[in-house]
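Peer 1: Pasting the sequence and the predicted coordinates here, then a few questions.
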Amino acid sequence: MRILKIDHLGVAVNSIDKGKNFWSDILGLDFEGDETVEAQKVKTAFFPVGESEVELLESTAPDGPIAKFIEKKGEGIQHIAFRVENIEEALAELKQKGVRLIDETPRIGAGGAKIAFLHPKATSGVLVELCER
Ligand code: ZN
């Protein structure tokens, strides 16, 4: 498995519109528009920072994963995403090493990227996303 870089940091927010105020208006990061991923009940917005990005995540439903995260922990960093060369290969390797996975096969995330989450119980409490673009 080859990890190329930190692709993005996922930040759970109550409102992308409000979050935009800090990340874009105040910090001056580019706002490239938002995208709703219905299957994951989430609206996302990416803000490029050099080679990586900040991803804001707003829930589109009260029972969505982001709504549940905020209910438990409040707004804040929700996941860290590593870009890998080949996501199927990476998942097979992790599975073979006994790492607990949330997604055994990749799904399609924002921007058409192939993504998969590892279980936080396997990663010292950090929700890790693998992505391939
Ligand atoms: Zn993400």
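Peer 2: Done, it's in.
Peer 1: Quick one: name the residues of this structure near the ion.
Peer 2: Contact residues, the chain versus the ion (CB under 5 Å from the ion): 10, 55, 81, 129. All C-beta spots, glycine's among them, are computed from the backbone N, C-alpha and C.
Peer 1: List just the nearest of those residues to residue 98.
Peer 2: Distance to residue 98, by CB to CB, is smallest for residue 129 among the residues of the chain next to the ion, at 19.4 Å.
Peer 1: so is the closest one in a helix, a strand, or just coil?
Peer 2: Classification of residue 129 using DSSP: H, G, I helix; E, B strand; the rest coil returns strand.
Peer 1: Break down this protein into its helices, ranges please.
Peer 2: Using DSSP state H, the helices found in the chain span residues 16-20, 65-73, 87-96.
Peer 1: Would you format those as a markdown table with mean pLDDT and mean neighbour count included?
Peer 2: Listed next are these as a markdown table, based on pLDDT from 0 to 100; neighbours: other CB atoms under 10 Å:
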| stretch | mean pLDDT | mean neighbour count |
| --- | --- | --- |
| helix 16-20 | 93 | 16 |
| helix 65-73 | 96 | 16 |
| helix 87-96 | 97 | 15 |
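Peer 1: Contacts for stretch 93-107, please.
Peer 2: 1, 39, 87-88, 91, 114-119, 121-122, 130, 132 (CB atoms under 8 Å, 6 or more residues apart in numbering).
Peer 1: 7 Å - rerun?
Peer 2: Contacts to stretch 93-107, defined as CB atoms under 7 Å, 6 or more residues apart in numbering, come from residues 1, 87-88, 91, 114-119, 121-122.
Peer 1: Likewise for stretch 59-70?
Peer 2: 12, 14, 36, 40-43, 57-58, 78.
Peer 1: switch to 8 Å and redo it
Peer 2: Outside stretch 59-70, the residues that reach it (CB under 8 Å, 6+ apart) are 12, 14, 36, 38, 40-43, 57-58, 78.
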